[in-house]
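1. My questions concern the predicted model and sequence given below.
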Amino acid sequence: MQKSCPFFLSITLVLTIITCHHMRFVHPESLVNFFKEKYHAGNVPFSIANYGDVPYGKTISGEIGLPSVLEDCVFEELPDSQKSKSILLVERNDCSFTQKSINVQKEGGKLAIIMDNHRNENPGSIIMVDDGRGSQVHIPTILISYEDGEEILKILQQETNKTSVALSIEFQLPKKEKSDLTLWLDIAEHQNFIFLRNLRPYF
């Protein structure tokens, strides 16, 4: 008895999810102009931690505050002059990203900005992983480059300068675009037809 060979069907489709976020400084003018010259439309690049509550579709705006010790892993109360600031800048070091976020959250911050501690490092290439306590974090956390953080600190750490640093960060909803993926399906298998029927709304 001759064996029949399975017939395979090739389908090309895929969905690629693209998320584009925007962070722009709105004050002071010197910092706004600096980032406009450095980046297209002044959009400062950053990466988002894979823990915490990210407010997709919303915008967070506010002034940046500094803790007493930028690189400290232990929670310390903010100086009185910084308590009204809703966004806190801290420096990356040996303690976990999650610990940094927890510290900012304890201070009432609605956004934690972690400044990288290595020069010439792309924040987009760094994954801010959860150390197991991410469920305790309910604010978003982002990472910026050392060089960009340095420019912010130049203004914030001037003792005689009362200028505030303010920014606006937009967490855009993920967008879907099509790209190529090849699927090989045996049409003799009934389950493959069910799979195609369920997949139909996406292509």
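-> Ah, there it is.

2. Sort out which residues of stretch 73-89 are buried, please.
-> Residues of stretch 73-89 classed as buried: 78, 82, 85-89 (neighbour count, 16 or more other CB atoms under 10 Å). For the C-beta atoms, the positions are set from N, CA and C on the backbone; glycine is no exception.

3. what do you get for stretch 111-131?
-> Per 16+ other CB under 10 Å, stretch 111-131 contains these buried residues: 111-116, 123, 126, 128, 130.

4. again, but for stretch 44-59
-> 44-49, 51-52, 54.

5. do the same with stretch 136-151
-> Residues of stretch 136-151 classed as buried by neighbour count (16+ other CB under 10 Å): 137, 139-146, 148-149, 151.

6. quick one: which of these is nearest residue 66?
-> residue 149 (11.1 Å; CB to CB).

7. That closest one against residue 92, yeah?
-> No: using CB atoms under 8 Å, residue 149 makes no contact with residue 92, being 9.1 Å away.

8. for the residue most central in space within the chain, phi and psi?
-> Centroid-nearest residue in the chain: residue 48, 1.8 Å away (criterion: CA atoms, centre = their mean). In this entry, residue 48 is assigned phi and psi values of phi -110, psi 140 (degrees, to the nearest 10).

9. Next up, the contacts around it.
-> 21, 54, 128, 140-142, 171 (CB atoms under 8 Å, 6 or more residues apart in numbering).

10. 7 Å - rerun?
-> Listed by CB atoms under 7 Å, 6 or more residues apart in numbering, the contact set of residue 48 reads 54, 140, 142.

11. If we only consider these, which is nearest to residue 105?
-> residue 140 (10.4 Å).

12. Name the nearest residue to that closest one, sequence neighbours excluded.
-> Excluding its sequence neighbours, the residue lying closest to residue 140 (CB to CB, 6 or more residues apart in numbering) is residue 54, at 4.8 Å.
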